[in-house]
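Engineer: need the 3D shape of this:
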Amino acid sequence: MSLRVRAPAYELRDLHGASRAIAYLALAGAPYAFATAYLDPAVNLPTLFFAALISAALAGVGVVCWRNPPALPRVFWFLAPVGASATVAALNFATHDASTGSQLFYLWPILYAANFLSRRVLHFNLLLVFAGEAATVFPVLGSRRGASDWVAMVLAMTMAATVVQSLRDRADRLRDVLEQQAHADHLTGLANRRHFDEALAGAGGWAGRTGGPLALLTIDLDHFKTINDTFGHAEGDRVLRAVADAMREVAGDTGVAARLGGDEFVLLLRAGPHDAMKVAGALRAAIADRRDLPGGPPGVSIGIAALPGDAGTVQDLVAASDAALYEAKSAGRGRVAVAGDRLNVDQVPSFVPDQRP
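Structural biologist: I've put the predicted structure just below:
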């Protein structure tokens, strides 16, 4: 079971951070763009009018990004660095500005793409910036000086992008570790209760939209306290890990295997009761194969409930599966019990296994 799914290559990493980054640039760049053109005595009236239009557009974009970023289409966040690079290049070309100050504005689209977008989008923006800078520096500075200036800028922008990208990758790896720790049981590596609750809610929504079936297996080890008392807690932990390995083996791609605490496990399947019975049989067989454990393979009792057959909501599904487990325990342990329409979960005591912190 995978607890984390990698984002698609073109997915925006952080809407809030991206919107603030664009808002800062747009609101700061709007007056700068107009002031640069206005204070340049060589700029004629049409160019000044063009600079005013760009300034107004930047200000409008900045306000929307600041106040209501969800109102902007998804493609906007990917075109923003392209538009910024093109705007900087157009202003530099129109004002014949090849100064270092004008080149620094190229840093924003590069840093934005490096921090919030994929490597492919970042590389495209780097090429766009390099082309825009070449269109300005060579006509203004001449071929020799322009080439020197252009190479220096290419190296500076590439190094900046590389550093930010490496820091982003490191932050992503750290986030992966933290998410794994927050959603996984530390002993077995299965999903913990928090992740199971999230998966159960998501599966319930899926079942409601599609009408697809769900099945929940509630699993408890028989006489686990005796295993701990006889062989020690370290060997008891080995037994828990062995059961977790068997659950991973039978869970499939869509199943969610979780340890809720102590020796209580659950397995959530997008399947009907017939398939759930097959999985329960496969799980018992996989556990029975673990003959390297102290005292031999542990016995397990399993309760199965299905939605919609045995429950109308995911909360009722949990209760029905828990009640079926109680029935399996009461019938002598080491067996599988299936909830049915005849089962009134409100009248069956809830089974709570012995738990050890």
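
Engineer: hey, let's count contacts and neighbours off CA atoms from now on
Structural biologist: Noted.

Engineer: the helix or strand where A320 lies packs against which elements?
Structural biologist: Element membership of A320, judged by DSSP states H and E, is helix 314-330. On a contact count with 3 or more Cα pairs under 8 Å, 6 or more residues apart in numbering; DSSP states H and E, helix 314-330 meets helix 193-210, strand 214-221, strand 300-307, strand 336-338.

Engineer: figure out which of the ones you listed is closest to G261.
Structural biologist: helix 193-210 (7.9 Å; Cα to Cα).

Engineer: show me which residues of that closest one are buried.
Structural biologist: 193, 195-196, 199-200, 203-204, 207 (16 or more other Cα atoms under 10 Å).

Engineer: and the protein, what are its domain boundaries?
Structural biologist: 15-182, 193-347 (automatic domain parsing).

Engineer: ranking those domains by burial, who's on top?
Structural biologist: Most buried of the domains of the chain, by mean neighbour count (mean count of other Cα atoms under 10 Å): domain 193-347, with a mean of 19.

Engineer: shaky segments in the chain?
Structural biologist: 1-11, 341-357 (pLDDT under 70).

Engineer: for it, what's the longest helix?
Structural biologist: In the chain, with assignment by DSSP state H, the single longest helix is helix 143-183.

Engineer: please compute how far it lies from its chain's middle.
Structural biologist: From the chain centre to the centre of helix 143-183 is a distance of 21 Å (Cα atoms, centre = their mean, to the nearest Å).

Engineer: same question for stretch 304-324.
Structural biologist: 29 Å.

Engineer: can you tell me how far F49 is from A57?
Structural biologist: According to Cα to Cα, to the nearest Å, F49 stands 12 Å off from A57.

Engineer: could you do A134 as well?
Structural biologist: Taking Cα to Cα, one finds A134 at 25 Å from A57.

Engineer: turn the buried residues of helix 193-210 into TSV, including distance to P81.
Structural biologist: Converted to TSV, those look like this (distance: Cα to Cα, whole Å):
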residue	distance to P81
R193	41
H195	36
F196	39
A199	36
L200	39
A203	38
G204	40
A207	40
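
Engineer: just the residues you listed now: which is nearest T226?
Structural biologist: Nearest to T226 among the buried residues of helix 193-210 is R193, at 24.7 Å by Cα to Cα.

Engineer: the residue nearest to the closest one when sequence neighbours are not counted: which element?
Structural biologist: Spatial nearest neighbour of R193, chain neighbours left out: L260 (5.0 Å); criterion: Cα to Cα, 6 or more residues apart in numbering. If you go by DSSP H and E, L260 is part of strand 256-261.
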